[in-house]
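S.K.: Build me a model from this:
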Amino acid sequence: MRHLLLFSLIAAIVAVGAVAYQFMPRGGRPPEIARQQGVTAPPVRSIPMRPSDAGNPNPAPSGGGGAKTPDVLGDVSKTLDELRTRDTADSAAGPALNPTQVNALRAQAERRHARPVTRMTFALEPGTTVPQQVYLHPLPPELASLSQPSDPLGFCQVGDRFVLVGTVSRRIVAVSKG
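M.R.: Got it, this is the predicted structure:
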């Protein structure tokens, strides 16, 4: 009876370890260790519910009894449209990758044994946010001039294309022609 209990306890521990391994980011370290080493997350941007709330972060509730009900859905869609246009203006065309830079990325991917992203849930366009589950490899030294100090670049491989991504903002900067 004790052996059966001990065996089931060991099996449960192994199962929990296997599940935890699946959720660990590619790169070998759990996110807690990365945070302790000084890696900061990108800032979270809140979306105001009404354009009138954009200037006031803590709006006071209206106390009027006969006030007209605001068109919340219309206001939210306008706000989202404004954010989309601002984001696309912010993410203007990034650096163009020439064939020598693509070859340097290809050599770095071979050195690091980079596996291409297979399950892609994002568009391959500059300005698109890449999910946290996608591991970003460091750029080769030849391409260090493309990075900015505030948002250093990493890369991932999607099929035969290489994607340059800001490691802090997780936004796509450039996509190689494939």
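S.K.: For the helix or strand harbouring residue 154, which strands pair with it and how are they oriented?
M.R.: Residue 154 is part of strand 153-158, with elements assigned from DSSP states H and E. Here strand 153-158 has these sheet partners by DSSP bridges: strand 137-138 (antiparallel), strand 161-166 (antiparallel).
S.K.: need the next SSE after the longest one, C-terminal direction.
M.R.: So that's strand 161-166. With DSSP H and E, the next secondary element past strand 161-166 is strand 172-175.
S.K.: could you dump the strand holding residue 154 to PDB, C-alpha only?
M.R.: Below are the C-alpha coordinates for strand 153-158, written out as PDB (Å, rounded to 0.1, in the frame of the first residue of the first chain):
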ATOM      1  CA  LEU A 153      16.600  44.600 -31.300                       C
ATOM      2  CA  GLY A 154      16.300  40.800 -31.400                       C
ATOM      3  CA  PHE A 155      15.200  38.600 -34.200                       C
ATOM      4  CA  CYS A 156      13.100  35.500 -34.900                       C
ATOM      5  CA  GLN A 157      12.700  33.400 -37.900                       C
ATOM      6  CA  VAL A 158       9.300  32.800 -39.500                       C
END
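S.K.: avg pLDDT for that strand?
M.R.: The average pLDDT within strand 153-158 is 92.
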